[in-house]
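sequence first, then the predicted structure:
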Number of protein chains: 4
Amino acid sequence: MNERVSTARDWWLGFDIGGTRTKAGVVSDDGGVDRSHLVETGHEPFSLVWERMLAYADETIASEGQSGLRGVGIAAPGVIDPAFGVRNLPGKVPGIEDFPMRERLEDRLGVPVRCINDGAAATLAEWRFGAARGYRDVVGLTIGTGIGAGTIIDGRPLQTSNLAGGVSFGHATIQAGGRTCLCGNLGCAETLVSANAVVGRMRDYVARKVPSTITDAYQHDPGGITFRTLVEGVDAGDRVAKEIMAQYCRDLGATIVTAIHAYDPEVVVLAGGPMAQADHFLPQVQAYVDRYAFRYPKERVIPILRAERSDHAGVLGAVARVMQAVADAAPASSAATT
Amino acid sequence: MNERVSTARDWWLGFDIGGTRTKAGVVSDDGGVDRSHLVETGHEPFSLVWERMLAYADETIASEGQSGLRGVGIAAPGVIDPAFGVRNLPGKVPGIEDFPMRERLEDRLGVPVRCINDGAAATLAEWRFGAARGYRDVVGLTIGTGIGAGTIIDGRPLQTSNLAGGVSFGHATIQAGGRTCLCGNLGCAETLVSANAVVGRMRDYVARKVPSTITDAYQHDPGGITFRTLVEGVDAGDRVAKEIMAQYCRDLGATIVTAIHAYDPEVVVLAGGPMAQADHFLPQVQAYVDRYAFRYPKERVIPILRAERSDHAGVLGAVARVMQAVADAAPASSAATT
Amino acid sequence: MNERVSTARDWWLGFDIGGTRTKAGVVSDDGGVDRSHLVETGHEPFSLVWERMLAYADETIASEGQSGLRGVGIAAPGVIDPAFGVRNLPGKVPGIEDFPMRERLEDRLGVPVRCINDGAAATLAEWRFGAARGYRDVVGLTIGTGIGAGTIIDGRPLQTSNLAGGVSFGHATIQAGGRTCLCGNLGCAETLVSANAVVGRMRDYVARKVPSTITDAYQHDPGGITFRTLVEGVDAGDRVAKEIMAQYCRDLGATIVTAIHAYDPEVVVLAGGPMAQADHFLPQVQAYVDRYAFRYPKERVIPILRAERSDHAGVLGAVARVMQAVADAAPASSAATT
Amino acid sequence: MNERVSTARDWWLGFDIGGTRTKAGVVSDDGGVDRSHLVETGHEPFSLVWERMLAYADETIASEGQSGLRGVGIAAPGVIDPAFGVRNLPGKVPGIEDFPMRERLEDRLGVPVRCINDGAAATLAEWRFGAARGYRDVVGLTIGTGIGAGTIIDGRPLQTSNLAGGVSFGHATIQAGGRTCLCGNLGCAETLVSANAVVGRMRDYVARKVPSTITDAYQHDPGGITFRTLVEGVDAGDRVAKEIMAQYCRDLGATIVTAIHAYDPEVVVLAGGPMAQADHFLPQVQAYVDRYAFRYPKERVIPILRAERSDHAGVLGAVARVMQAVADAAPASSAATT
């Protein structure tokens, strides 16, 4: 993954700002990652995080050489303006909203800087450096506490005036009249197929003492339940675990079918914690999609791929975003098809 | 977009091929429609329809003058390749699949020809000539026997390698595990909010003798039930009609919220037969969307607009599509933003 | 079934009044039926039906002998007062409500007369003469245009002050928020598992052109669809038919589980048209019940039996009801357990 | 029923065995409760609980006088044989299953003893001494960690061979395909309208950080959430709380409608913790029932009453049960109606 073979001098800088930690790395043209760095950010003000980001940039420039630095990409959660920074991110990182990241960093470093939503970054990382290389139309979903999303149409991230195009797909209504989501909507994909949703369902069952191996194992430690618990229950032959898993496969299948009907991707890439157990559900989800997704040509299969670059998804996707900007600005930029 | 100062003689030709009839018209640069023409196509082979289309083209050229003809647009249902014709349209018009419309017509007329899906055309018509003028990001839905859809991102129709991007949104799963759709999927928006779906629900109620003014009026003529019947029931204070309408508003609201979360439009435009009764449901649908759609900036309202150009939606949208191709090919085409 | 071996002199008279036809028969102590008679009643006033019932009684008395006549039972749809007649039956048979059947017939014939709801009669017929002989607690469901129901607790039909105990179970809510029922409630068992409901679903699919062998076969004759059509589709391997059937089995299973949780029967008896195809769904329904019904003792199976006396269900159940009244009135009536 | 002129000394003994505590009391003929006594039982073996019950019996006999003791009633959770004791109660009280309570106590005290399920007892208490006095057909539901139920038909508790008649109604399927219940079934009333279910839903929302006053108040103390929390949220105008409450009213309404369609009661009595806040939901539930319950006569209202004797529900209901047995055994026992 990490084999870097580019010319020694060309390099990119990538940041991935999260609610509890920020990652950074030096990225080569072909997606190699060096000097990967992790900072716990806790709930401190963004100005402190920013200082550490600058320190990291200074250090890497000192060792890699300023001349080779081609650009900087920054991934972050929330509503992101590529040419500015974070526009909307309620609560998670105090002071991050309306901080002019791009301007500050371009002024300081003199190279192009672009920002990107972290779900979009994960998809772009796979498209440029990972499982979705070579495709033009890609949807990526990251299954975590919520459902992150990114969409690539004709080789470019979907981009809209109000900045949320393709990144809010985790809030598609899959179950009209269903449970209320973090976003306020009812029956979002996120309420059904996020890791949080599944864990919440298991905890609810444990609290209601539904007989199952999960209740047996976790009635005194419901906080210890994870997505893996579900897989263990299925492996143990537990009936309730199997029912929850069947529901999960159906709902994740319905979510992906909806993504296909909305965006017409050639492939779908899945990332996130539950993918470590993908063998236990991905075949069923693929079968659901094969059965229920409309596609043309009819015999076409739309593969659901596992993300390959999850370790550095945000860093790589952010760099891929600034790479695109640099390419767009180059004189040889090819004309769009009409 | 493409500020071309047109001469008095400039004109465009538009066709809108449907399952039972084909429309044609002469379109001016600003969306005026002349010589609107309608042909019943029944289930005859497409070659016959094509001959009549050519005859219409010849006639109009004879009277309008060849020199002013700038291009030809063709709208049709199914999976459409803009630079070819219809790729997939099971059953409706024999022989239409794989007919090289664009090539044949460009060879004959010597002007640019483009094809477009009819749902996409309806949206493009509104964006260029109707209710959605001046916006960059638009979703349009046509509520008919099914749900047609079109999506405009950053001023251009969403376009994917497999040709279905943005036009299959009527098959988004709104009710996981719901009724089977024409497309094979379960719980599609189309199974809930198409005119057909609502009429089917009323007929089901009449067949089961559910007491209501609808059953009273139509038990001997269930074939006479239309969307208007529902509105009349609501106006008469019928409890069952009010329940069906409330469900309709919720499901249409959930469909639009999903479109917003998928595409991040600035506006949504609705067309189709039921819109003649829009006063009876649009305010409730707008309220649902205001309540449940996530958007940034937060105070932003996403208006749900009524289509203004429904009479010529296909013809105008097809012309708008070829207009775009002509503009793209012009030397002054501006560089894409990065 | 029909082997009559009682003393020549003892006999009972049974009537089964329906919306479109009335049946009658001479019944022996052990449930043999003779002189079975059928009258089409159409929508004529009940007074005309009554005259024919009296004529039938006169004829049979003339031939069987008055001295052996022990009692008369009358089954009818709607809310029935055993010691009076029909109290509530909107629309079906003009003039039947508040007609003092029992009084009139007791005055004329001088023997005990009792009335009973037709769903309750079907259950009582099975309990006394058919599949449920020897059990003390029985639920019977008749799957027809609606869902008829009858409940026997401790060897007696459930009977309440307001006369609807155990006969309205087809209107249990199985799907909260579901489709409106004939009775006005939402998501009743009847809206999901009656023959009408299943046929309505298939017709809806055909109207929406959902691809399936059912649509192929009936698109020009949706009125020809019956429950058997579903079974034929399943046999033909049709995917949509299989999905509808799976849903049917789940919903019928959920209905029976609810009946078990409400009434705690030892057995459940099913009657009605779809039972002619019971091999195609009963095993799945039994498996659902085995899996999801709570019961004590735990290893107990609650068999779902096929009705054996459907040909004369109403006549036999009505006679069983008056037999019970005659037994209750006898001096040797055993004391109730405490 | 049993107009016995009691002497001043007549008294009854009632016990109410629970998973965590056992109550006892001395009951007068008219439902007065004296010497109410509470024992924490924890998870100790039933033999220890039994010893304390005997000690309590001895004490009260010593002070009240043996001669006036008419009978003893014992309420307990699980499957109860009135003439024996507890037949099935997994896990809650070690050793209670198959303990011959009635035989032991009758041998020791020389008076009639009867046992009863605690949900049935709560209903019987209301029928004999509380809100449902004077009715013949009553359904009672106790909303607690689960949903207890009891059914009185024609003035007697519903009683079936397998002992669960009328007490398992909390496991009626209200939402086919819904969440798994403690009992193994899917979508039981208990999974939707028990206090546990509602609290679980709120905790799930808090865990998923759904914005609401409930999340604000309890994100660091989800264990502190109770049914009252929901009412406080509604009072504070919180949108999410109002949505949960609306769902609760609908689902409780659907549960009661199903009870009405199953048992045809004249009244429904509700008990349990949430009833302390009944003003916040009972009117809406009554309105739902008025709208959706089928009943005859049509203008009849089926009142949903608040339990009046909840403080001693088990003790009083158990005594009511043995009172019935004593009355049945009396020579003047009236003949059953036929």
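All right, it came through fine.

got any ranges where chain A has weak pLDDT?
Within chain A, the ranges that satisfy pLDDT under 70 run A:1-8, A:332-338.

now the helices for it?
A:46-64, A:101-109, A:118-129, A:189-193, A:195-207, A:213-218, A:227-235, A:239-263, A:282-292, A:313-329 (DSSP state H).

and the longest one, what's buried?
Neighbour counts over helix A:239-263 (16 or more other CB atoms under 10 Å in any protein chain shown) mark A:240-241, A:243-245, A:247-263 as buried. In short, each C-beta sits where N, CA and C put it, glycine included.

what's the answer for the first one, then?
By neighbour count on 16+ other CB under 10 Å, the buried set for helix A:46-64 is A:Phe46, A:Val49, A:Trp50, A:Met53, A:Tyr56, A:Ala57, A:Thr60, A:Ile61, A:Glu64.

which residues touch that helix?
A:11, A:13, A:15, A:17, A:22, A:24, A:26, A:35, A:37, A:39, A:41, A:69, A:72, A:93-96, A:99, A:101, A:104-105, A:108-109 (CB atoms under 8 Å, 6 or more residues apart in numbering or on different chains).

and the second one, by the same measure?
Helix A:101-109 is contacted from outside by A:50, A:54, A:57, A:61, A:69, A:72, A:74, A:82-86, A:112-115, using CB under 8 Å, 6+ apart.

make it 6 Å
The contact list for helix A:101-109, computed with CB atoms under 6 Å, 6 or more residues apart in numbering or on different chains, reads A:Val72, A:Ile74, A:Ala83, A:Phe84, A:Gly85, A:Val113, A:Cys115.

next: stretch A:193-209.
A:143-147, A:191, A:214-215, A:218-219, A:222, A:225, A:227, A:251-252, A:255, A:273-274, D:182, D:196, D:200, D:204, D:207-208.

what does the stretch 1-150 of chain A put close to chain D?
Residues of the stretch 1-150 of chain A lying close to chain D (CB under 6 Å from any CB of the partner chain): none.

who in the stretch 1-150 of chain A is up against chain B?
A:Val79, A:Asn88, A:Arg136, A:Asp137.

look up how far D:Thr20 lies from the second one.
Using CB to CB, to the nearest Å, one obtains 48 Å as the distance from A:Asn88 to D:Thr20.

contacts only, for the residue of chain A most remote from its centre.
The outermost residue of chain A relative to its centre, with distances by CA atoms, centre = their mean, is A:Pro211 at 35.2 Å. For A:Pro211, no residue meets the contact criterion (CB under 6 Å, 6+ apart).

cutoff 7 Å now
D:Gly184 (CB atoms under 7 Å, 6 or more residues apart in numbering or on different chains).

ok, it to D:Gly91 distance?
Counting by CB to CB - A:Pro211 and D:Gly91 are separated by 9 Å.

who touches both of the two?
Common neighbours of A:Pro211 and D:Gly91 (CB under 7 Å, 6+ apart) do not exist.

hang on, the earlier thing: what's the farthest-apart pair in the residues of the stretch 1-150 of chain A next to chain B?
Among the residues of the stretch 1-150 of chain A next to chain B, the pair separated by the greatest distance (CB to CB) is A:Asn88 and A:Arg136, at 29.4 Å.

the two: which has the busier surroundings?
The residue with more neighbours, out of A:Asn88 and A:Arg136, is A:Asn88; 19 against 16, by other CB atoms under 10 Å in any protein chain shown.

which strand residues bridge that one?
With DSSP bridges as the criterion, A:Asn88 is bridged to A:Val79.

was I right to think it contacts A:Pro77?
No. Contact criterion CB atoms under 7 Å: A:Asn88 and A:Pro77 do not qualify, at 9.9 Å.

count residues in the vicinity of the residue in the stretch 201-338 of chain A positioned nearest to chain D, would you?
Residue nearest to chain D within the stretch 201-338 of chain A (CB to the nearest CB): A:Asp204, separated by 4.6 Å. Here the number of neighbours of A:Asp204 (other CB under 10 Å) works out to 22.

just to revisit the earlier point, how about a markdown table for the buried residues of helix A:46-64, with distance to D:Thr151 added?
A markdown table is the format used below for the buried residues of helix A:46-64 (distance: CB to CB, whole Å):
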| residue | distance to D:Thr151 |
| --- | --- |
| A:Phe46 | 62 |
| A:Val49 | 63 |
| A:Trp50 | 67 |
| A:Met53 | 68 |
| A:Tyr56 | 71 |
| A:Ala57 | 74 |
| A:Thr60 | 75 |
| A:Ile61 | 79 |
| A:Glu64 | 79 |
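
pick the one among those residues closest to D:Ala132.
Looking across the buried residues of helix A:46-64 and measuring by CB to CB, the closest to D:Ala132 is A:Phe46, at 63.1 Å.

just the buried positions in stretch A:287-299, please.
A:Tyr288, A:Val289, A:Tyr292, A:Ala293, A:Phe294, A:Arg295.

hmm, who's touching it?
With CB under 7 Å, 6+ apart, stretch A:287-299 has contacts from A:249-250, A:253, A:256-257, A:260-261, A:301-302, A:304, B:79, B:87-88, B:162-164, B:168, B:171, B:183-186.

so what's the residue in chain A positioned nearest to chain C up against?
Here the residue of chain A nearest chain C is A:Gly177; by CB to the nearest CB that distance is 7.0 Å. Residues in contact with A:Gly177 (CB under 7 Å, 6+ apart) are A:Leu186, A:Gly187, B:Arg250.

hmm, back to that, would you show me how to pick out the buried ones of the contacts of stretch A:193-209 in PyMOL?
The following PyMOL line selects those of those that are buried, judged by 16+ other CB under 10 Å:
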select buried, (chain A and resi 143+144+145+146+147+191+214+215+218+222+225+227+251+252+255+274) or (chain D and resi 182+196+200+204+207+208)
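
which one of the residues of the stretch 1-150 of chain A next to chain B is nearest A:Leu158?
Closest to A:Leu158, out of all of the residues of the stretch 1-150 of chain A next to chain B and judged by CB to CB, is A:Asp137, at 10.1 Å.

number of nearby residues for that closest one?
For A:Asp137, using other CB under 10 Å, the count is 23.
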